[in-house]
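**Student:** how would this look folded up:
(2 chains)
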Protein chains: 2
Amino acid sequence: MSLKLTILGCHSATPRVNTHPTSQFLEIKNHHFLIDCGEGTQVLLRKFKVKFSKIKHIFISHLHGDHFFGLVGLISTFRLLNRITELHIYGPKGIKEIITLQLKLSNSWTNYPLLFHELTSKNSELIFEDTKVEVFTIPLDHRVYTNGFLFKEKLGERKLNMEQISKYKEIEVCDFQNLKNGKDFRFQNGTIIKNKELTLNPIPPKSYAYCSDTAYFPKIVSIIQNVNCLYHEATFLEGKKQLALKTKHSTALQAANIAKQANAKQLIIGHYSGRYKNIEEFKIEADTIYENTQLAESGKIFEIN
Amino acid sequence: MSLKLTILGCHSATPRVNTHPTSQFLEIKNHHFLIDCGEGTQVLLRKFKVKFSKIKHIFISHLHGDHFFGLVGLISTFRLLNRITELHIYGPKGIKEIITLQLKLSNSWTNYPLLFHELTSKNSELIFEDTKVEVFTIPLDHRVYTNGFLFKEKLGERKLNMEQISKYKEIEVCDFQNLKNGKDFRFQNGTIIKNKELTLNPIPPKSYAYCSDTAYFPKIVSIIQNVNCLYHEATFLEGKKQLALKTKHSTALQAANIAKQANAKQLIIGHYSGRYKNIEEFKIEADTIYENTQLAESGKIFEIN
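**Tutor:** Got it, this is the predicted structure:
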């Protein structure tokens, strides 16, 4: 199964009637992750018919309003919808205080467990892991403490090569899990068949890297090397390169440059400044040095294969 | 000039695609007041083409999310729009801490003066006054500390009765302001003409009372007596009277009852629970005991004469 990424909002700064601040919904190995949560995210989740009650983990890159002002409202809505399953919030130190202060003063503490995982490290670290998925931080270079996130499938089980297996009637169904786990097969007489003769390589694991907001920051390249899909912010075009530098944002060309260095299979750009009326220009600029760039747009779904 | 009230959002609880939490924009004597600020208010201000840079005073009734989660975003947007004029926030104690904590952690303090007026009194008090307008709190009965707001024009100057004045060539233009201020006219020989013979009564001042959220609470009747327009929450219909009691909200019938007791000239109801698909039922219920009820709807403008 592919990863499925739904772009909710993909513009920078303030919410407007037809453009929305950053938020994305990622489906990976039966997980439903929300990445950033600008004002109005819960309405976009409804608009695009995302089953948002399934969200158990929310990742907040940084504490600029266009990336988290919608979080407290979503948490409150979960309460009103009588949520009982726990909700994990990953974000910069301070996020717990912001949310809990508002819930305390509105006398509306959640009726479900709300668990905060506050981030402070300047190095990439593993912040979520289960049997199938890992999530790492990608420290970025912005005006405040900011992390991107790298979502990685783990390498799955080996696949049974039934054509080979069927040649040996000694191999029974109860042996299959050992084969999937990579073990060789041993006959009662001690003869061994190597695992590789009986199984095929697992489907290569897929990965998605989310990098917003950041200045051009080549240090991240080693962390996201060979990623299947990279979302990288592109707030400006090269004509505003100095402004990008000053505000610690990136241009479309810089985003493409990172994608190229990282050998990313696909690049999605977004976080467009409201000054640009035609976002096609971002793709045109990125295309000059990287061949597989797509534009984030509200409601657009990307299948990452 | 009449008061002009623009309904931005008028539903309770969570924002949805087509219904929005509470917010209103009131124009009164060249003031532009924002009343409550649920999530998404800034987008509605844009959608309905309200000149929101003119807002200098924001009144927050209480700290439930559907009445203030949009405030921090609006404050941030004013900063991004390079606002320099001061902004006054009136609301329950705690509102300053909530906003300043978020601005501090996002390292984006406003570049304009942001002044908080925190409310704690359980009695009606004057919280804003200039030469033309007064604003009083209306203490309400809700699950957390809540105030409604009474916006009152002050009695204006008397109007010159030019038909009468033209009979006396001794009365000159330089005397007009004294007449408007209610003074009698004195001839050089000492004779006096009473002010009432030379002027007409000023236009009666208008008033608007905003009451949300609250249980049925007849104590407010004396504060809002004879108000020109009353907005009173009506979260439920009478069939859910017990739920209204439990959650400290009102039914449409109770809102109408308050309007009737207060001799309000006009009633607007809103803050509808999302369970009702047809809000016309609210008007039908209120109409049974009060004859001038209108339904709040997003984008609807009321001229209060």
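**Student:** okay, and for chain A, where does confidence drop off?
**Tutor:** The model of chain A has pLDDT under 70 over residues A:1.
**Student:** 80 instead, please
**Tutor:** For chain A, residues meeting the criterion pLDDT under 80 lie at A:1-2.
**Student:** Which residue ranges make up the domains of it?
**Tutor:** As recorded under automatic domain parsing, the domains making up chain A are A:3-156+A:203-304, A:159-200.
**Student:** Out of the ones you listed, which is closest to chain B?
**Tutor:** Taking Cβ to the nearest Cβ, domain A:3-156+A:203-304 is the member of the domains of chain A nearest to chain B, at 4.2 Å. Every residue, glycine included, has its C-beta placed from N, CA and C.
**Student:** Distance of A:Y90 relative to A:F78?
**Tutor:** According to Cβ to Cβ, to the nearest Å, A:Y90 and A:F78 sit 16 Å apart.
**Student:** What of A:C10?
**Tutor:** 24 Å.
**Student:** okay, these two: which has more neighbours?
**Tutor:** Neighbour comparison, A:C10 and A:F78: the larger count goes to A:C10, with 27 against 22 (by other Cβ atoms under 10 Å in any protein chain shown).
**Student:** contacting residues around that one?
**Tutor:** A:H20, A:T22, A:G270, A:H271, A:Y272, A:A296, A:E297, A:S298 (Cβ atoms under 8 Å, 6 or more residues apart in numbering or on different chains).
**Student:** Neighbours of the last one, how many?
**Tutor:** Yep, that's A:S298 we're talking about. Neighbours of A:S298 (other Cβ under 10 Å): 18.
**Student:** and if you look at the third one?
**Tutor:** The burial count assigned to A:G270 is 26, neighbours taken as other Cβ under 10 Å.
**Student:** Give me the nearest residue to it, chain neighbours excluded.
**Tutor:** Leaving aside its sequence neighbours, A:G270 sits nearest to A:A296 (Cβ to Cβ, 6 or more residues apart in numbering or on different chains; 3.1 Å).
**Student:** Hmm, A:F149 is touching A:S61, no?
**Tutor:** Yes. With contact defined as Cβ atoms under 8 Å, A:F149 counts as touching A:S61 (7.3 Å).
**Student:** out of the two, which sits in the more crowded spot?
**Tutor:** A:S61 (31 against 24).
**Student:** The more buried one: what's it in contact with?
**Tutor:** Applying Cβ under 8 Å, 6+ apart, the residues near A:S61 are A:I35, A:D36, A:H67, A:G91, A:L140, A:T146, A:N147, A:G148, A:F149, A:Y210, A:S212, A:D213.
**Student:** Near chain B, which residues of chain A? Just list them.
**Tutor:** A:13-17, A:39-40, A:42-43, A:46-47, A:63-65, A:69-70, A:72-73, A:76-77, A:80, A:92, A:94-95, A:97-98, A:101-102, A:105-108, A:143-144 (Cβ under 8 Å from any Cβ of the partner chain).
**Student:** Please save the CA atoms from stretch A:192-208 in CSV.
**Tutor:** C-alpha atoms of stretch A:192-208 as CSV (Å, rounded to 0.1, in the frame of the first residue of the first chain):
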residue,chain,number,x,y,z
ILE,A,192,19.8,-26.4,5.1
ILE,A,193,18.1,-24.4,2.3
LYS,A,194,19.1,-20.7,2.4
ASN,A,195,16.2,-18.3,3.1
LYS,A,196,17.0,-16.4,-0.1
GLU,A,197,16.1,-19.4,-2.1
LEU,A,198,12.7,-19.6,-0.6
THR,A,199,11.7,-16.0,-0.3
LEU,A,200,11.8,-12.7,-2.2
ASN,A,201,12.9,-9.3,-1.0
PRO,A,202,10.2,-7.4,0.9
ILE,A,203,8.6,-4.4,-0.8
PRO,A,204,11.0,-1.5,-0.3
PRO,A,205,9.9,0.7,2.6
LYS,A,206,8.7,4.2,1.7
SER,A,207,9.4,7.4,3.3
TYR,A,208,8.1,11.0,3.4
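**Student:** Can you tell me what sits against it?
**Tutor:** Contacts of stretch A:192-208 (Cβ under 8 Å, 6+ apart): A:2-3, A:5, A:26, A:28, A:150-161, A:164-165, A:168, A:171, A:179-180, A:182-187, A:226-231, A:304-305.
**Student:** Keep only those of the residues you listed that are in helices.
**Tutor:** Members of the contacts of stretch A:192-208 lying in helices (criterion: DSSP state H): A:Q164, A:I165, A:L179, A:K180.
**Student:** Rebuild the residues you listed as TSV, extending it with neighbour count.
**Tutor:** Output for those, formatted as TSV (neighbours: other Cβ atoms under 10 Å in any protein chain shown):
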residue	neighbour count
A:Q164	15
A:I165	19
A:L179	21
A:K180	16
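**Student:** Kindly check the end-to-end length of stretch A:281-294 for me.
**Tutor:** 12 Å (Cα to Cα, to the nearest Å).
**Student:** which ones are touching the residue nearest to A:G270?
**Tutor:** A:I7, A:C10, A:Y231, A:I268, A:I269, A:G270, A:H271.
**Student:** What is the burial count for A:E118?
**Tutor:** Neighbours of A:E118 using other Cβ under 10 Å come to 13.
**Student:** whoops, A:K93 was the one
**Tutor:** Residues near A:K93, counting by other Cβ under 10 Å: 13.
**Student:** what's the distance between it and A:G148?
**Tutor:** From A:K93 to A:G148 the distance is 17 Å (Cβ to Cβ).
**Student:** Same check on A:H249?
**Tutor:** Distance from A:H249 to A:G148, by Cβ to Cβ: 14 Å.
**Student:** those strands in the stretch 201-305 of chain A, which residues are they?
**Tutor:** With strands called from DSSP state E, counting those that start in this stretch, the stretch 201-305 of chain A shows them at A:207-211, A:229-233, A:267-270, A:293-295, A:301-304.
**Student:** Please work out which of those is packed deepest.
**Tutor:** strand A:229-233 (a mean of 29; mean count of other Cβ atoms under 10 Å in any protein chain shown).
**Student:** which residues sit against it?
**Tutor:** A:3, A:5, A:12, A:24, A:206-214, A:224, A:249-250, A:255, A:258-259, A:262, A:264-271, A:296, A:302, A:304.
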